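> Starting from these lines, generate the structure:
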Amino acid sequence: MKYLLVLQWPAASIKDYDALIEIEDLLTEKLSKDSDIDGHDAGSGEMNIFINTNDPAATFKEIQATLGSRDFWVDARVAYREAAKSSYTILWPKDLAEFKVT
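Numbering: from 1, shown residues only. Reported below is the predicted structural model:
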């Protein structure tokens, strides 16, 4: 797939990690075949779920529809990049100026 979409939010506890696993499992179940969950990581005060996709905007809409009512969105950051590149395009929140995976 052409793009890597990253869901990211702050992490500080085991409870946060449990939420990460719950969200990843839900997305694995609900996202269309045009997306492929490529795993997750946690560290440096943040957690990430990585999703391979050919259409990051459409995948983001699916994610919003699946997770829209959860507290997840309060601190979530979402961006994507071409698989072979390193700079990200930010999708959420709209006013976020910088995105990086540490």
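
> Okay, strands next: where are they in this protein?
Ranges of strands in the chain, per DSSP state E, are 3-10, 35-43, 46-53, 77-82, 89-92.

> So which of those is nearest Gly68?
Ranking the strands of the chain by proximity to Gly68 (C-beta to C-beta) places strand 89-92 first, at 11.6 Å. Just so you know, the C-beta spots here come from the backbone N, C-alpha and C atoms, and that holds for glycine as well.

> how about the strands of the chain in JSON lines, adding mean pLDDT?
Formatted as JSON lines, these follow (pLDDT from 0 to 100):
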{"stretch": "strand 3-10", "mean pLDDT": "96"}
{"stretch": "strand 35-43", "mean pLDDT": "94"}
{"stretch": "strand 46-53", "mean pLDDT": "97"}
{"stretch": "strand 77-82", "mean pLDDT": "97"}
{"stretch": "strand 89-92", "mean pLDDT": "97"}
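
> Determine which of those strands approaches Leu67 most closely.
For Leu67, the closest of the strands of the chain is strand 3-10, at 8.7 Å, according to C-beta to C-beta.

> Which residues does that closest one contact?
Here strand 3-10 makes contact (C-beta atoms under 8 Å, 6 or more residues apart in numbering) with 16, 23, 35, 38, 45-56, 59-60, 63, 72, 75-83, 88, 91, 99, 101.

> got the angle for it vs strand 77-82?
Put simply, strand 3-10 runs at 160 degrees to strand 77-82, going by axes from the mean of the first three to the mean of the last three C-alpha atoms, to 10 degrees.

> next one: strand 3-10 to chain centre, how far?
On the basis of C-alpha atoms, centre = their mean, to the nearest Å, strand 3-10 sits 3 Å off its chain's mean C-alpha point.

> Using PDB, write down the CA coordinates of the longest helix that the chain contains.
For the chain, the helix reaching the highest residue count under DSSP state H is reported as helix 14-30. As requested, C-alpha coordinates have been extracted for helix 14-30 and formatted as PDB (Å, rounded to 0.1, in the frame of the first residue of the first chain):
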ATOM      1  CA  ILE A  14      -1.100   0.500  31.600                       C
ATOM      2  CA  LYS A  15      -4.700   1.600  31.300                       C
ATOM      3  CA  ASP A  16      -3.600   3.700  28.300                       C
ATOM      4  CA  TYR A  17      -1.900   0.600  26.800                       C
ATOM      5  CA  ASP A  18      -5.000  -1.500  27.400                       C
ATOM      6  CA  ALA A  19      -7.000   1.200  25.500                       C
ATOM      7  CA  LEU A  20      -4.500   1.000  22.600                       C
ATOM      8  CA  ILE A  21      -5.000  -2.700  22.300                       C
ATOM      9  CA  GLU A  22      -8.800  -2.300  22.400                       C
ATOM     10  CA  ILE A  23      -8.800   0.400  19.700                       C
ATOM     11  CA  GLU A  24      -6.400  -1.700  17.500                       C
ATOM     12  CA  ASP A  25      -8.700  -4.800  17.800                       C
ATOM     13  CA  LEU A  26     -11.800  -2.700  17.000                       C
ATOM     14  CA  LEU A  27     -10.200  -1.200  13.900                       C
ATOM     15  CA  THR A  28      -8.900  -4.500  12.700                       C
ATOM     16  CA  GLU A  29     -12.500  -5.700  12.900                       C
ATOM     17  CA  LYS A  30     -14.200  -2.700  11.400                       C
END
